[in-house]
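# This is the structure alone, sequence omitted:
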């Protein structure tokens with residue numbers, strides 16, 4: 001079948017790629033591209049998703065080993081819209097790849113089964129990827145409670161892993177350096193070479209940690225500037241003055257899910273308040289109290305907005321992040337929405353008790369669901385049949401009171417379940 005003949009089916013199937021849990025979008029897109037560009041592995045890298053910037057499918061030897069540093073290097077070297085074919089460093093060695101950088105700053109990396117893929121197929125792949133990348137961006141910007149819970153759980157796990165890795169490697173390398181600096185050793189040349197090698201390793205390690213931190217956090221001024229652009233775009237056809245009180249330049253960075261959640265809360269509140277007929281001005285302020293982001297949104301209307309209903313709409317996002325939200329409205333004096341979102345993960349979550357009914361094997365299966373894996377991949381990792389996995393998945397869904405794998409993964413992530421490696 002020619003590429004042109006495939007097009008209607010591909011566009012129809014693209015809808016299925018965009019619907020479903022975000023962590024599994026790489027697998028769904030890989031299935032869509034199976035005939036168009038046969039491949040052994042697929043990786044999507046996006047800075048929009050602070051918890052899981054990689055969406056993957058295919059050969060575990062590639063997708064489990066490809067690093068953020070490698071993907072970031074590919075992203076930096078590509079031009080927007082460029083379709084690259086050739087050798088790139090992926091998962092520790094040079095491999096034949098197809099790579100595309102979308103204008104959303106999202107990268108697609110494919111390991112094709114053949115180097116003879118037609119140019120028209122690659123161009124269509126790039127176009128389809130543009131839709132997928134935009135879909136990812138919109139899902140993240142919407143910042144649903146399920147996304148925020150999954151992202152926070154993933155960010156916490158990554159931060160813990162990076163911290164442990166840093167401590168272990170830094171202690172080892174510092175011990176080696178201390179030994180090499182000892183005057184009791186004889187071979188000066190060997191000592192110098194080893195010292196240089198170890199120093200370079202320390203620098204690389206610190207750089208890797210910086211990359212992880214950059215992906216996991218946003219400076220509060222950067223997060224606020226992104227919100228400013230979004231709000232001005234939303235209000236450009238409304239006769240409403242937007243007053244934005246800049247946050248402090250100094251202070252802690254915002255965890256990515258907090259930044260996404262805060263912007264979503266502000267957008268929702270501003271859009272609702274802007275619908276009032278007597279409104280002329282909306283004021284938005286962000287500030288930090290050291291351990292939490294404080295959001296304050298006020299208008300100069302006559303208190304016509306149903307802020308109680310607005311508060312109910314926004315509460316799920318805020319509470320998913322462990323925060324609180326309040327509202328007030330006084331006739332003739334305007335309305336106010338305020339929220340407090342902690343910058344650190346709250347230890348206790350309201351759904352912890354729902355996991356107590358799960359057996360040990362069901363907990364293992366839930367960990368793989370949180371990681372976004374399908375039944376076949378879970379069966380391979382647990383060493384059981386696929387039908388056994390299906391049985392345990394059904395048990396997990398029933399005990400958690402949910403009707404889909406994605407919902408179970410969201411509940412698990414919100415409860416602090418760590419994704420299985």
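That came through fine. Just so it is clear, the structure is predicted and the values come from calculations on it, not from any experiment. Numbers count the residues shown, from 1 in each chain.

# how about the helices of this structure, start to end?
3-18, 25-32, 60-63, 68-77, 119-142, 145-180, 188-216, 220-235, 256-273, 307-320, 360-370, 375-382, 386-400, 405-414 (DSSP state H).

# Comparing those by mean pLDDT, which bottoms out?
If you rank the helices of the chain by mean pLDDT, helix 188-216 sits at the bottom with a mean of 60.

# Provide a list of residues in contact with the most centrally placed residue in the chain.
Centrality entry for the chain: nearest residue to the mean C-alpha point is residue 49, 2.0 Å, by C-alpha atoms, centre = their mean. With contact set as C-beta atoms under 8 Å, 6 or more residues apart in numbering, residue 49 has these partners: 22, 55, 136, 140, 151, 256. No exception for glycine: its C-beta is placed from N, CA and C like everyone else's.

# Now the first one: closest residue in space that isn't a chain neighbour?
I take that to be residue 22. Distance criterion C-beta to C-beta, 6 or more residues apart in numbering; nearest residue to residue 22, sequence neighbours excluded, is residue 139 at 5.4 Å.

# now the one you found: how far from residue 305?
27 Å (C-beta to C-beta, to the nearest Å).

# Comparing these two, which residue is more hemmed in?
Set residue 139 next to residue 305 and count neighbours by other C-beta atoms under 10 Å: residue 305 wins out with 23 against 18.

# I'd assumed residue 299 was in contact with the more buried one.
Yes: contact criterion C-beta atoms under 8 Å: residue 305 and residue 299 qualify, at 7.4 Å.

# Which residues are in contact with each of the two?
Counting by C-beta under 8 Å, 6+ apart, the residues touching both residue 305 and residue 299 are 273, 276, 335.

# Could you dump the residues you listed into TSV with neighbour count and distance to residue 128 added?
Listed next are those as TSV, based on neighbours: other C-beta atoms under 10 Å; distance: C-beta to C-beta, whole Å:
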residue	neighbour count	distance to residue 128
273	24	38
276	19	42
335	26	44
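
# So which of these is the closest to residue 365?
Distances from the shared contacts of residue 305 and residue 299 to residue 365 were compared by C-beta to C-beta; the smallest belongs to residue 273, at 44.3 Å.

# The nearest residue to the closest one once chain neighbours are set aside pairs with what?
Spatially, and ignoring its direct neighbours in sequence, residue 273 is nearest to residue 299 (4.8 Å; C-beta to C-beta, 6+ apart). Taking DSSP bridges, one obtains residue 282 as the residues bridged to residue 299.

# With residue 241 as the reference, measure out to residue 299.
Distance of residue 299 to residue 241, given as C-beta to C-beta: 10 Å.

# In terms of packing, which of these two has more residues around it?
Comparing residue 299 with residue 241 by other C-beta under 10 Å, the one with more neighbours is residue 299, at 28 against 12.

# quick one: residue 415 from residue 223, how far?
Counting by C-beta to C-beta, the gap between residue 415 and residue 223 amounts to 27 Å.

# So between the two, which is more surrounded?
Set side by side, residue 415 and residue 223 show more neighbours around residue 223, with 22 against 19, by other C-beta under 10 Å.

# and the closest residue to that one other than its chain neighbours, how many neighbours?
The spatially closest residue to residue 223, leaving aside those adjacent along the chain, is residue 259, at 4.0 Å (C-beta to C-beta, 6+ apart). A count of nearby residues for residue 259, using other C-beta under 10 Å, gives 24.

# Just confirm residue 259 contacts residue 221, I think it does.
No: with contact defined as C-beta under 8 Å, residue 259 does not count as touching residue 221 (11.1 Å).

# from the chain's centre, how far out does stretch 47-54 sit?
Distance of stretch 47-54 from the chain centroid (C-alpha atoms, centre = their mean, to the nearest Å) equals 3 Å.

# and what of stretch 80-97?
23 Å.

# What average pLDDT does it get?
Across stretch 80-97, the per-residue pLDDT values average to 94.

# Show me what that stretch is in contact with.
Stretch 80-97 is touched from outside by 43, 61-63, 65-67, 70, 73-74, 78, 98-103, 109-112, 115, 117, 122-123, 126, with contacts defined as C-beta under 8 Å, 6+ apart.

# and the end-to-end length of that stretch?
17 Å (C-alpha to C-alpha, to the nearest Å).

# Same check on stretch 390-409?
The first residue of stretch 390-409 is 15 Å away from its last residue (C-alpha to C-alpha).

# So for it, what gets flagged as buried?
Residues of stretch 390-409 classed as buried: 392-393, 395-397, 399-400, 402, 405-409 (neighbour count, 16 or more other C-beta atoms under 10 Å).

# so what pLDDT did residue 36 get?
Looking at residue 36, its pLDDT reads 91.

# surely it meets residue 118?
No: distance between residue 36 and residue 118: 9.4 Å, which falls outside the contact criterion (C-beta under 8 Å).

# When these two are compared, which one has more neighbours?
Each of residue 36 and residue 118 had its neighbours counted (other C-beta under 10 Å), and the higher figure belongs to residue 36 (19 against 12).

# Leaving out the residues flanking it, which one is nearest to the more buried one?
Spatial nearest neighbour of residue 36, excluding adjacent residues (C-beta to C-beta, 6+ apart): residue 121 at 5.3 Å.

# Kindly report the same for residue 99.
Closest residue to residue 99 apart from its sequence neighbours, by C-beta to C-beta, 6+ apart: residue 84 at 4.4 Å.

# Against residue 363, how distant is that neighbour?
From residue 84 across to residue 363, the span is 42 Å (C-beta to C-beta).

# and what of residue 138?
33 Å.

# Between the two, which is the more surrounded one?
A count of neighbours by other C-beta under 10 Å puts residue 363 above the other of residue 138 and residue 363, at 15 against 12.

# how about residue 143, what does it touch?
Shown here is residue 143, whose contacts under the criterion C-beta under 8 Å, 6+ apart are 257, 260-261, 263-264, 317.
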